[in-house]
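S.K.: Here is my input; please provide its structure:
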Amino acid sequence: KRVPPPIAQVAGMSGGDISKGELAIQDGVMAVLIDFDFDFKYKVTQFNVETTDGGYTNIKKSNSNRFTAEQKAQLARVNPQSIVYIGNIKVIGDDGTTRDLDPISFKIR
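M.R.: Got it, this is the predicted structure:
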């Protein structure tokens, strides 16, 4: 039986409303297996953070599971009611398989 796909999370959430302060203190994106009984882990190997500023979309890439300095600065500039989109999420499992995860998005409150 195949291991189910993990869910991308930031601050223990897979999207929804989040305060700018709470988002700012996060280290990165995690891949979490929900209701899976075995000790199997996925690690995020890359992801993009997309924000909109003045009508322009800003995309910054990370090649790990952690927010880069550029991404942290980008998140510090978001305004309330802005949408932060995290996509192009790639993970690698304990068995060496790679998977693409569904994107997640947050609305800044």
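S.K.: Every contact and neighbour count from this point should use C-alpha atoms.
M.R.: Noted.
S.K.: wait, what's in contact with the residue nearest to the spatial centre of the chain?
M.R.: Taking CA atoms, centre = their mean, the centroid of the chain lies closest to residue 29, which sits 4.0 Å from it. Residues near residue 29 by CA atoms under 8 Å, 6 or more residues apart in numbering: 8-10, 44, 65-67.
S.K.: Repeat that for residue 64.
M.R.: 44-47.
S.K.: got JSON lines for those, with distance to residue 93, secondary structure and neighbour count too?
M.R.: Listed next are these as JSON lines, based on distance: CA to CA, whole Å; DSSP: H, G, I helix; E, B strand; the rest coil; neighbours: other CA atoms under 10 Å:
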{"residue": "44", "distance to residue 93": "9", "secondary structure": "strand", "neighbour count": "25"}
{"residue": "45", "distance to residue 93": "10", "secondary structure": "strand", "neighbour count": "18"}
{"residue": "46", "distance to residue 93": "13", "secondary structure": "strand", "neighbour count": "20"}
{"residue": "47", "distance to residue 93": "16", "secondary structure": "strand", "neighbour count": "25"}
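S.K.: elements contacting the lengthiest helix in the chain?
M.R.: Looking across the chain with DSSP state H, the single longest helix is helix 69-76. When contacts are defined as 3 or more CA pairs under 8 Å, 6 or more residues apart in numbering; DSSP states H and E, helix 69-76 sits against helix 20-24, strand 42-53, strand 56-62.
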